[in-house]
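Visitor: fold the following, please.
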Amino acid sequence: MGDNVEQWRAELQSCPSGHSDQSLYLNKLALSLYSRFEQRGVLSDLDEAIDLDQAALALHPPGHSNQSDSLKNLAIHLYARFEQRGVLSDLDEAIDLDRAALAL
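Guide: Next up, the predicted model:
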């Protein structure tokens with residue numbers, strides 16, 4: 001999946017702001033970047049994945065069908081960053097996001 005980064009980046013760039021597929025492309029690009037991070041260990045890929053996860057989550061109002069997946073993806077990526085950098089706020093946020101996903 002890490003090989004698809006440029007494909008998903010192009011899809012996202014060609015998607016008009018507010019289009020119904022925007023959150024899909026944000027999520028796909030984030031997952032591809034995370035996969036590449038796991039393969040190569042480049043922290044900037046993980047940071048970008050988190051930024052994209054946050055942007056996708058912002059597009060999902062409460063009750064949206066994809067909200068739970070976005071919460072879980074962001075939690076996983078924040079936890080991975082916590083493991084790399086040891087920043088407790090990443091761990092705290094990951095736990096809060098997991099709890100929010102479970103509450104849905």
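
Visitor: how about stretch 21-37: buried residues?
Guide: 22-37 (16 or more other CB atoms under 10 Å). Every residue, glycine included, has its C-beta placed from N, CA and C.

Visitor: let me know the closest of those residues to residue 9.
Guide: Checking the buried residues of stretch 21-37 against residue 9 by CB to CB gives residue 29 as the nearest, at 5.8 Å.

Visitor: which helix or strand contains the closest one?
Guide: Secondary structure assignment for residue 29, by DSSP states H and E: helix 22-40.

Visitor: what lies in contact with that helix?
Guide: Helix 22-40 is contacted from outside by 1-5, 7-9, 11-12, 15-16, 42-43, 45-46, 48-50, 52-53, 55-56, 59-60, 66, 69-70, 73, 76-77, 80, using CB atoms under 8 Å, 6 or more residues apart in numbering.

Visitor: avg pLDDT for the next helix-or-strand element following that helix?
Guide: Using DSSP H and E, the helix or strand that follows helix 22-40 in sequence is helix 43-58. Average pLDDT, helix 43-58: 97.
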